[in-house]
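> Sequence first, then the predicted structure:
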Amino acid sequence: MKTKQPDAFELSRSAEPPGKPGVYWVECLAGKESQKFLVYSAAPQGVNMHWISGERKTVPCFQDTTLCPGGHSEKNRKWRCYVFAYSYKRHKNVFVQLTKDAWESWLTQCREGVNLRGQTVNVHRTEKNNGRLYVEVETWRNDARKDLPLDQDVKLSLFDLWRYDPCEATSFANLGSDADEPIKVQVFKQVV
């Protein structure tokens with residue numbers, strides 16, 4: 001009996017789309033855009049980064065500032081926070097990128113100590129792509145919604161967004177976030 005020879009032109013097939021484990025889309029809203037999200041995070045993850053204008057790229061700021069690509073500088077350092085959520089626009093889990101002002105606009109709508117998990121929020125950007133962001137809480141929850149997916153770490157998603165390939169020395173380093181930031185996230189309770 002003859003065995004069938006493999007066809008040289010057979011397509012490589014897979015039921016699963018390619019992807020990187022632990023890497024999610026980072027949603028950065030464009031000008032005049034509004035999007036709705038179901039929040040999975042109990043609290044935001046604040047991260048410092050450096051904008052290198054000569055290369056027109058963002059690189060991580062590490063807690064050990066000697067590891068910062070291009071050197072650590074307070075002049076080009078900026079802070080963003082990320083919340084793991086379900087995007088109703090993309091129909092998938094994403095990280096929502098928020099500025100300090102957007103996070104504060106969200107915080108003013110919440111009681112101290114409230115858990116963000118399970119809230120439905122609308123995130124809006126004003127006219128320009130670098131315009132102001134603000135958050136509108138649509139639905140509040142009294143419980144922590146244990147039926148939702150667990151929160152994820154934003155680190156791998158940011159490395160992918162920034163096209164930053166961490167070397168062995170920085171792959172396990174902690175991303176920087178100021179302990180003295182005026183934004184207090186420690187009041188929120190983590191849900192497991």
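In hand now; what should we look at?

> Look up how far Phe9 lies from Glu104.
Glu104 sits at a distance of 58 Å from Phe9 (criterion: Cβ to Cβ, to the nearest Å). In this view, the C-beta of every residue, glycine as well, is placed from N, C-alpha and C.

> neighbour-wise, which of the two wins?
Neighbours were counted for Glu104 and for Phe9 using other Cβ atoms under 10 Å; Glu104 has more, 14 against 5.

> Assign the more buried one to helix, strand or coil.
helix (DSSP: H, G, I helix; E, B strand; the rest coil).

> What of Phe159?
helix.

> What about it, how many residues nearby?
Around Phe159 there are 19 other residues, counting by other Cβ under 10 Å.

> For it, give me its contacts.
For Phe159, the contacting residues are Pro60, Asp165, Pro166, by Cβ atoms under 8 Å, 6 or more residues apart in numbering.

> any idea how far Lys78 is from it?
17 Å.

> Same question for Gln152.
With the distance defined as Cβ to Cβ, Gln152 ends up 22 Å from Lys78.

> Between those two, tell me which one has more neighbours.
Gln152 (18 against 13).

> Backbone dihedrals for that one, both of them.
Note on Gln152: its backbone torsions stand at phi -120, psi 160 [degrees, to the nearest 10].

> Just the helices from the chain, written as ranges.
Per DSSP state H, the chain carries helices over the ranges 100-107, 155-162.

> same question for the first one, mean pLDDT?
Per-residue pLDDT values over helix 100-107 give a mean of 94.
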